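Trainee: here is a sequence together with a model predicted from it:
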Amino acid sequence: MMFRRISFRHHRLAAATLAAASVALAALTGSAPARAEGMTAVIPKETIYPGETIVGSQLEVVDVTNPNLSGDFAQTADQVVGKVTTRTLLSGRVILVSGLRQPYAVERGKAVRLVFNNGPLVISAGGSPLENAAVGDLIRVRNTDSGIIVSGTVMADGTVQVVAK
């Protein structure tokens, strides 16, 4: 485990053990030990399953006690809240940012509006996405009137901005 909660009863013993280990490490290496002071990690309070949108009440921010902890783990709740998990997040384990994604703005098979802009010319049509996508993703969409497949960028309002060939 990369962090732990210490009860008040064991606090003195843990502090004494940590201090002794730090002194021993400094004596062996001739340098000050690496510390994880000020580092925090976000952990789930409960198991969160793939596809769920993470809410703040499911999270806890804890201090990191392992100075060797590295990687792309979430250090603030802002990095996690509102994202969708792509893997199971276990209670008490750090949350890897690589296991999260933005929520989908358009979903496969659900109707979207296709928009093509070329100067003053604006063409709009109905479409059906061929894949799920978040805002800013380039996706393929089938025009429901003509059946032609076009590519476009997903916009924040849920429309797809068609790119010219």
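Mentor: Arrived safely, thanks for sending. Residues are numbered from 1 along each chain as shown.

Trainee: the helices in the protein, which residues?
Mentor: Assigned by DSSP state H, the chain shows helices spanning 8-29.

Trainee: any idea how it splits into domains?
Mentor: Residue ranges for the domains of the chain, per automatic domain parsing: 8-101, 112-162.

Trainee: weakest of these by average pLDDT?
Mentor: When these are ranked by mean pLDDT, domain 8-101 comes last with a mean of 77.

Trainee: now render the domains of the chain as a markdown table, adding mean neighbour count.
Mentor: The C-beta positions use only the backbone N, C-alpha and C, and glycine is treated the same way. Shown next, in a markdown table, are the domains of the chain (neighbours: other CB atoms under 10 Å):
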| stretch | mean neighbour count |
| --- | --- |
| domain 8-101 | 14 |
| domain 112-162 | 15 |
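
Trainee: where is the longest strand in the chain?
Mentor: Scanning the chain for the strand with the most residues, using DSSP state E, yields strand 121-129.

Trainee: what are the contacting residues of that strand?
Mentor: Contact with strand 121-129 is made by 106-116, 139-146, 150, 160, as judged by CB atoms under 8 Å, 6 or more residues apart in numbering.
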